[in-house]
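>>> Need a 3D model of the sequence below.
(2 chains)
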2 protein chains.
Amino acid sequence: MRLNPHIKKMQQKYLFSLIESKERKMRAKNPHALIANLGIGDVILPLAPTIARSIQNAIQEMTIAGQMKGYGPSEGYLFLREAIAQQSYKGLSIASDEIFISEGANCDMTSLPELFSNRCKIGIIDPTYPAYLSSITLSGKKSKVTLIPCLEENHFVPFPPKEHLDIVYLCSPNNPTGIAMSRENLRKWVEYAHREKAILLLDNAYEAFITSPDVPRSIYEIDGAKEVAIESRSFSKSAGFTGLRCAYLVIPRAILKNKLRDMWEKRQSIKSNGVSYPIQRGAEAALSAEGIFETQQQIVYYLHQAKLLRQELLKLGFSCFGGQDSPYIWWKTPKGEGSWEFFQKILEKNHLISTPGSGFGIYGEGYVRLSAFTTQDQTELALAQIKSISK
Amino acid sequence: MRLNPHIKKMQQKYLFSLIESKERKMRAKNPHALIANLGIGDVILPLAPTIARSIQNAIQEMTIAGQMKGYGPSEGYLFLREAIAQQSYKGLSIASDEIFISEGANCDMTSLPELFSNRCKIGIIDPTYPAYLSSITLSGKKSKVTLIPCLEENHFVPFPPKEHLDIVYLCSPNNPTGIAMSRENLRKWVEYAHREKAILLLDNAYEAFITSPDVPRSIYEIDGAKEVAIESRSFSKSAGFTGLRCAYLVIPRAILKNKLRDMWEKRQSIKSNGVSYPIQRGAEAALSAEGIFETQQQIVYYLHQAKLLRQELLKLGFSCFGGQDSPYIWWKTPKGEGSWEFFQKILEKNHLISTPGSGFGIYGEGYVRLSAFTTQDQTELALAQIKSISK
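Sure, this is the predicted structure:
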């Protein structure tokens, strides 16, 4: 049987499964340990009431004769695409037919390689969300990949390389570093893309966490970006949808004279039957005035946890970054310890779960990521545990 | 820019978009026409109350502190995989870890080619659901495809070819013909797969409509199928989930000594973050005693509409097939007219919307499909319109 030969080349085990198995082992040894879990970046606050009500109403609607909703449009319902165009891209002139609803940014970002030929040269920032590289490996294009490092000396932002690339994966605010690209930095990438006739694929899933004035909320705030950039966004982190599944991709018509947008539309019409109707109603509610008010409170709450963690780490003399435009803190291991080594040490000795930075790429080695998707109680527990870490 | 060269080769317009545009044109000319739409195969009866209640409760749960559900397992929640193993595969010894939940059979069937190498020889029955061939075209493997005809002289079931194939797409009960493969026919395919070391990909989305005693509900009722067959099923048609999105794939461990199952698990962990939690609770409810009672009534209702349509066509002297194990009727055009020609004629003259058979493959030419996903009122309207068709 002739199988895809590239699957073998992928990471043996998914990062968070590996962390969970190490947690289980530790719990088996210390059944009474109080563990603070700042590992996986997943929302924890309850679903906002406006969103919940809207989903429930949509379900109710479907129980009424003549109001059943069957197959929706594969690109998503117009009511949601219009709400996004008007609310999330206010003033940026993104049209509803440049927006494609999907069940997750993960799925969008990992399916985009299908639009490009096998000969494309691909740039991926490093460290970053590992699924980009894994999906490229799966599609057999790994040999075409150039890593673009995000290093401390560059404040963890990526700079365009001298060499030619056809497509470039960017993530801002970046997961795991928690660092967002400034207006100036994004402008350099847009210029690079115009010069090299490259396409930028920007994962903007953490946009809701941006607080710095020099960080654009969208790449389309940069002149010329509409000709070269695809932007991915999600309701996962902005509105607590990780368990509900709804995201979207913006593919402006100006890229390659409609070509990419039209290719994606065709791809979606074949491979997707759209996103659950009630979930799209929930996403629409997240963009209403009440929805924004409720979810904004959650973002402020998470950012507050990030601030508490960051302050404590700095006060204790550790080096750490991020947490201002993102729920993630990028913690440099003391004494140059390896990511997994430090992860294991603070898990066993201090009962604190982090995520090893090397799980996000080779340039993540020497760091761990802390997630501020946590409750006040968990933060306090974590702060006490951090204090007990020997430097 | 180097784009995927295969996208161009795909069908220019999605079949049902084309039908809709023809319907719009006709409505513009005849704004007061009463049109009976037996075109797209989409559920129409309201969502079953047990399913609706269960989804609403799951949403309520997510609004309670500490009960929020974030990322679920990419393979689906165990509660749903166990319900499927116990209820849908009762007596067939399918384990919960051989079941993978997804947002649609469409997505599963069109993503499966990723598991196989570019050198695989692929068989696809014809006519059938067009997305299989489109997704293979998109992945650049079209030159490896052999069509396996489902012809009237073989009662529209496909027979294994003499030549070697590595993977074979089957659909039973087949969309659009409405004909299901018998135990004997499926056994021939399982034998073929063992002999040729081939893998069968069976789309079994219409399983709930099977009424003939010689038609197995699952391919795993056939001895030896677990070593060679992947089965795809869906809640779309069995429980009215086309607008909610939930399906599953069964990949038995016995295929290639776990290899295919493990590859798919890895693929899913990279490309999917699982299906919406409340929707999975809804699917679980569809498998409860009350859920089965309520959805079974809907199936019986649709099959009754199919019977009325079939009887009338036969009474009027038309040739038609299917509709006994499926909601679809395969209607042979009178006087050998082309599919689109007949479609257009009965749309314009009789205000009846069908689906041209040639949209499902070259061997679908000379037929149209009628969908019995319709209400009693619509059926009566359609029956009156059918009577007015000149043979």
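>>> What ranges does the stretch 101-250 of chain A have for its strands?
Along the stretch 101-250 of chain A, counting by DSSP state E, counting those that start in this stretch, strands occupy A:122-126, A:145-149, A:167-171, A:199-203, A:229-234, A:247-250.
>>> Do you know the pLDDT at A:Leu138?
The confidence metric pLDDT takes the value 89 at A:Leu138.
>>> Which residue, neighbours along the chain excluded, lies closest to it?
Using CB to CB, 6 or more residues apart in numbering or on different chains and skipping residues adjacent in sequence, the residue nearest A:Leu138 is A:His6, 5.6 Å away. In short, each C-beta sits where N, CA and C put it, glycine included.
>>> correct me, but the one you found touches A:Ser135?
No: applying CB atoms under 8 Å as the test, A:His6 and A:Ser135 come out as separate, 10.4 Å apart.
>>> what's the closest of the strands of the stretch 101-250 of chain A to chain B?
Go through the strands of the stretch 101-250 of chain A one by one with CB to the nearest CB and the one that ends up closest to chain B is strand A:199-203, at 6.8 Å.
>>> Now do the helices in chain A.
A:15-29, A:49-62, A:78-83, A:105-111, A:131-138, A:183-196, A:235-238, A:259-271, A:277-286, A:289-315, A:339-350, A:376-387 (DSSP state H).
>>> quick one, which of the ones you listed is nearest to A:Pro158?
Closest to A:Pro158 of the helices of chain A is helix A:183-196 (CB to CB; 7.9 Å).
>>> Could you report the separation of the nearest residue to A:Ala283 once chain neighbours are set aside from B:Ala247?
When the adjacent residues along the chain are set aside, A:Ala283 lies closest to A:Cys246, with 4.6 Å between them (CB to CB, 6+ apart). Using CB to CB, to the nearest Å, we find A:Cys246 at a distance of 18 Å from B:Ala247.
>>> Would you mind giving the domain segments of chain A?
Taking automatic domain parsing as the criterion, chain A consists of the domains A:7-47+A:291-387, A:49-288.
>>> what about the longest one, how long is it end to end?
Length of domain A:49-288, first residue to last, CA to CA, to the nearest Å: 12 Å.
>>> Find the centremost residue of chain A, please.
The geometric centre of chain A, computed from its C-alpha atoms, lies nearest to A:Ala205 (CA atoms, centre = their mean), at 4.2 Å.
>>> so the nearest residue to that one once chain neighbours are set aside bridges to which residues?
Nearest in space to A:Ala205, with sequence neighbours left out and distances taken as CB to CB, 6+ apart, is A:Ser234 at 4.4 Å. On DSSP bridges, the residues paired with A:Ser234 through beta bridges are A:Ala247.
>>> Comparing A:His6 and A:Ser135, which shows the higher neighbour count?
When neighbours are counted by other CB atoms under 10 Å in any protein chain shown, A:Ser135 comes out ahead of the other of A:His6 and A:Ser135, with 23 against 16.
>>> quick one, what contacts that one?
The neighbours of A:Ser135, taking CB atoms under 8 Å, 6 or more residues apart in numbering or on different chains as the test, are A:Met109, A:Thr110, A:Ser111, A:Pro113, B:Ile270, B:Lys271.
>>> since we're on the fourth one, how many residues are nearby?
A count of nearby residues for A:Pro113, using other CB under 10 Å, gives 22.
>>> OK, contacts around it?
A:Pro113 is in contact with A:Ile122, A:Ser135, A:Ile136, A:Ser139, A:Lys141, counting by CB under 8 Å, 6+ apart.
>>> can you redo these as CSV with distance to B:Ile167?
As requested, these are exported to CSV (distance: CB to CB, whole Å):
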residue, distance to B:Ile167
A:Ile122, 28
A:Ser135, 22
A:Ile136, 24
A:Ser139, 18
A:Lys141, 22
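>>> from those residues, which is closest to chain B?
Proximity of the contacts of A:Pro113 to chain B was ranked by CB to the nearest CB; the top entry is A:Ser135 with 5.8 Å.
>>> May I have the predicted confidence score for that closest one?
With respect to pLDDT, A:Ser135 has a value of 92.
>>> likewise A:Ser21?
90.
>>> pretty sure A:Val145 contacts A:Asp126?
No: with contact taken as CB under 8 Å, A:Val145 and A:Asp126 are classed as non-touching, separated by 9.8 Å.
>>> which of the two has more neighbours?
Using other CB under 10 Å, the more surrounded residue of A:Val145 and A:Asp126 is A:Asp126, with 22 against 18.
>>> Share the number of residues neighbouring the closest residue to the more buried one other than its chain neighbours, please.
Among residues not flanking A:Asp126 along the chain, A:Gly361 sits closest, at 3.6 Å (CB to CB, 6+ apart). By the criterion of other CB under 10 Å, A:Gly361 has 21 neighbours.
>>> returning to that earlier point: highest mean neighbour count out of the domains of chain A?
Per residue and on average, the most neighbours among these fall to domain A:49-288, with a mean of 21 (mean count of other CB atoms under 10 Å in any protein chain shown).
>>> if we can go back for a sec, got the strands of the stretch 101-250 of chain A as JSON lines, with distance to B:Glu75 and mean pLDDT columns?
Converted to JSON lines, the strands of the stretch 101-250 of chain A look like this (distance: least, CB to CB, whole Å; pLDDT from 0 to 100):
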{"stretch": "strand A:122-126", "distance to B:Glu75": "26", "mean pLDDT": "98"}
{"stretch": "strand A:145-149", "distance to B:Glu75": "27", "mean pLDDT": "98"}
{"stretch": "strand A:167-171", "distance to B:Glu75": "25", "mean pLDDT": "98"}
{"stretch": "strand A:199-203", "distance to B:Glu75": "24", "mean pLDDT": "98"}
{"stretch": "strand A:229-234", "distance to B:Glu75": "21", "mean pLDDT": "98"}
{"stretch": "strand A:247-250", "distance to B:Glu75": "20", "mean pLDDT": "98"}
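>>> Distance to B:Gln385 added to these, as JSON lines?
As requested, those are arranged in JSON lines below (distance: least, CB to CB, whole Å):
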{"stretch": "strand A:122-126", "distance to B:Gln385": "55"}
{"stretch": "strand A:145-149", "distance to B:Gln385": "58"}
{"stretch": "strand A:167-171", "distance to B:Gln385": "52"}
{"stretch": "strand A:199-203", "distance to B:Gln385": "50"}
{"stretch": "strand A:229-234", "distance to B:Gln385": "46"}
{"stretch": "strand A:247-250", "distance to B:Gln385": "41"}
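>>> So which of those is nearest B:Trp264?
For the strands of the stretch 101-250 of chain A, proximity to B:Trp264 was assessed by CB to CB; strand A:247-250 is nearest, at 22.4 Å.
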